[in-house]
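Engineer: Got a predicted model here, sequence first, then my questions.
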Amino acid sequence: FKKDRAVMFDLASRLELKATSSDGSVLAALEHAHEYAGKRRDFFPMPPPTDPDDAESGIGFASGNWRRVVCDRKHPGMVDRRH
């Protein structure tokens with residue numbers, strides 16, 4: 001997705017996205033990722049938690065397999081920018 005990343009962020013910023021449920025965590029995570037879209041570092045902080053008792057609740061909408069891909073054990077609390 002490297003070559004399409006900038007286009008996808010541009011598209012997401014131009015569209016008016018709305019949550020189809022009361023859980024807006026996907027939109028919050030997308031907004032958080034958009035804040036770091038221009039950064040060159042490999043990792044950025046995980047989206048703010050929606051549940052104070054669960055640090056990973058900022059990406060609580062994601063499946064376990066997807067979480068293992070985007071979160072690196074060597075960088076706890078961080079998300080891999082490329083994923």
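Structural biologist: Perfect, I can see it now. In this text, all values refer to a predicted model and were calculated from it rather than measured experimentally.

Engineer: Would you mind pulling the contact partners of stretch 44-63?
Structural biologist: Outside stretch 44-63, the residues within contact range by C-beta atoms under 8 Å, 6 or more residues apart in numbering are 23, 25-26, 28-29, 32-33, 36, 67, 70-71, 77-79, 81. Where C-beta positions appear, they are placed from N, C-alpha and C, glycine not excepted.

Engineer: Need the buried ones from the residues you listed selected in PyMOL.
Structural biologist: Paste this into PyMOL to select the buried members of the contacts of stretch 44-63, with burial taken from 16 or more other C-beta atoms under 10 Å:
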select buried, resi 25+26+28+29+32+70+71+78+79+81
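
Engineer: Sort out for me which of the contacts of stretch 44-63 are in strands.
Structural biologist: Of the contacts of stretch 44-63, the ones assigned to strands by DSSP state E are M78, V79.

Engineer: where along this protein do the helices fall?
Structural biologist: Secondary structure of the chain, counting by DSSP state H: helices at 5-14, 25-35, 64-70.

Engineer: Quick one: residues contacting the residue most central in space within the chain.
Structural biologist: In the chain, the C-alpha nearest the mean C-alpha coordinate belongs to A29, at 4.3 Å (C-alpha atoms, centre = their mean). Remark: with contacts taken as C-beta under 8 Å, 6+ apart, A29 is in contact with P47, G58, I59, F61.
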